[in-house]
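S.K.: Have a look at this fold, sequence not included:
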């Protein structure tokens, strides 16, 4: 197993502090997929009278009313983007109080019926999501699901989510993917994982664990009936746990609201028809409410009809009498380049970047401008002086590319890589990811000022994700075609190509020291892992072996560290509740080139990936 501690020492991957700038901090850039704004609102049950819950700004979400309606507990990242803690406040916005203070993820709170305890999800101590209980009188904490007899197989998904207290105070219900399998969507053809969830109940003292729903489906976000005899939840196919969290695919997802008999486990469908139905709650007089989601637009529905609520609404929670509802409104406007993120290590500055960041020797940053139009751009290390180098195309109209006519191909521009002299950039252009089997793609080279673009590989197959050797003579890239899969090395002077590997390999990166190439390989069991190989095809070495996926590996600027994205510690929440987040369990890691000294560098509930350390200023 890898080390559990967050960032102890990654000095080999970062800049030595010089006497001239002893106070300067090294900067780690990485991408994050998740909402960029989230505010809490309270409204009447019919949607009227909407108002902000809090006057102060903060990134706030997952709010719940207490049973007596005197409090709203919620999650906030107001101490730094990515660092989540639990707060509570009165429904009129007064009495704001911070309940937890830990660098780990603290999320999804629910108060006990007597207001003396808060159950919440935290990945403290183990980096895995568990249900914890906080005594508000003594401030003592305990891990409710941490006992050995409750924990599942650590080599499999093993998270615990969405706790909720029964009104009689005797039980806490939650969901878990414990002892399920790491399965990819689309029958294992993809990289991202599905999440199979079941509903469990347990006594607040940690005894009496019982599973209440069957395997083979995803059942989530349970809430209790007023008599503590039933639970209400959403239920869907396991494949829906992928469709529901991906923008346009959510329109294809369907779930139903179900009731669960706590004693017998009998499940009864309460809704029917297409559409994604989430966050249900029993209301007085036999009614229930829930929210809907499709392509990032969410509203509130009731069992007896719809109500008028704003779009981009998430996570509704009603008062026990059903008169008021609290919810969050989100925004997905991309963050500006270099926006500060929470730094889990005070010696480093963490900052947001668009995807595939890479630096040349003069510290010029090139990346794919996915937040705008998936073109290739350059800029200074601090995000200033942004310049368009190559324009992606969607309709292939002549002149759209500032470097010349776009020709016959429609595509996106991905994964820029500098030549060693910093004068040119190689990049991928065409159709990738889900479209690679049906579309062509090629590797191109262009001057850093956007002139002189030319093809390096044939556009009759699908090639991409290139990296140039430190001497500038060769380029490694991946090929994706029938009977022509794997990594290839091209002599940039002659155009001659030799085969490096013939497996399902991707995203190769030539080390700055020239002696090794790092890449991601899909194993025969569907798992993705990090490997290195010498440019002559010898010394193949597997660096990761956890059954969850490890991918997107890159070198630090000096070649002394490998940075990558890992799913080892699993999901932090129910997967269907995320928005446009392909692998919400992904966190940034670091290791030595031989696979030793593995360290987790980020610990958020979001997808953190595409890391790059900023090189030192000369």
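M.R.: Everything's here; your move. These numbers come from a predicted model, not from an experiment.

S.K.: Quickly list what the residue nearest the centre of the chain is bridged to.
M.R.: Centroid-nearest residue in the chain, with C-alpha atoms, centre = their mean: residue 607, separated by 1.9 Å. On the basis of DSSP bridges, residue 607 is bridged to residue 33.

S.K.: Quick check: it touching residue 584?
M.R.: Yes - assessed by C-beta atoms under 8 Å, residue 607 is found in contact with residue 584 at 5.1 Å. Glycine gets a C-beta too; all of them are placed from N, C-alpha and C.

S.K.: joint contacts of these two?
M.R.: Listed as contacting both residue 607 and residue 584 by C-beta atoms under 8 Å, 6 or more residues apart in numbering are 33, 34.

S.K.: Residue 305 and residue 577: what is the separation?
M.R.: Using C-beta to C-beta, to the nearest Å, residue 305 is found at 24 Å from residue 577.

S.K.: typo on my end, it should be residue 449
M.R.: Separation of residue 449 from residue 577 (C-beta to C-beta): 45 Å.

S.K.: One more: residue 277?
M.R.: Distance from residue 277 to residue 577, by C-beta to C-beta: 12 Å.

S.K.: Please say which of residue 305 and residue 577 ends up with more neighbours.
M.R.: Between residue 305 and residue 577, counted using other C-beta atoms under 10 Å, the more crowded position is residue 577 (23 against 7).

S.K.: For that one, which residues are in contact?
M.R.: Going by C-beta under 8 Å, 6+ apart, residue 577 touches 220, 221, 244, 245, 278, 279, 314, 315.

S.K.: On the pLDDT front, check the residue of the chain most remote from its centre for me.
M.R.: Within the chain, residue 494 marks the point farthest from the mean C-alpha position, 41.5 Å out by C-alpha atoms, centre = their mean. The per-residue pLDDT reported for residue 494 equals 96.

S.K.: Same check on residue 326?
M.R.: If you check residue 326, the pLDDT there is 98.

S.K.: any chance you could read off phi and psi for the residue nearest to it when sequence neighbours are not counted?
M.R.: Once flanking residues are discounted, residue 326 sits nearest to residue 63: 4.6 Å by C-beta to C-beta, 6 or more residues apart in numbering. As for residue 63, its main-chain torsions (degrees, to the nearest 10) stand at phi -90, psi 150.

S.K.: Please shift the residue numbers so they start at 44 in all later answers.
M.R.: Sure, I'll start numbering at 44, so the last one becomes residue 106.

S.K.: For the stretch 94-243 of the chain, just list every one of the helices.
M.R.: If DSSP state H, counting those that start in this stretch is used as the criterion, the helices of the stretch 94-243 of the chain fall at 228-231.

S.K.: May I see the buried residues of the helix or strand harbouring residue 84?
M.R.: Assigned by DSSP states H and E, residue 84 belongs to strand 80-87. Neighbour-count burial for strand 80-87 flags 81, 82, 83, 84, 85, 86 (criterion: 16 or more other C-beta atoms under 10 Å).

S.K.: Columns pLDDT and distance to residue 635 on top of those, output as CSV?
M.R.: Shown next, in CSV, are the buried residues of strand 80-87 (pLDDT from 0 to 100; distance: C-beta to C-beta, whole Å):
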residue, pLDDT, distance to residue 635
81, 96, 38
82, 97, 43
83, 98, 44
84, 98, 48
85, 98, 51
86, 97, 53
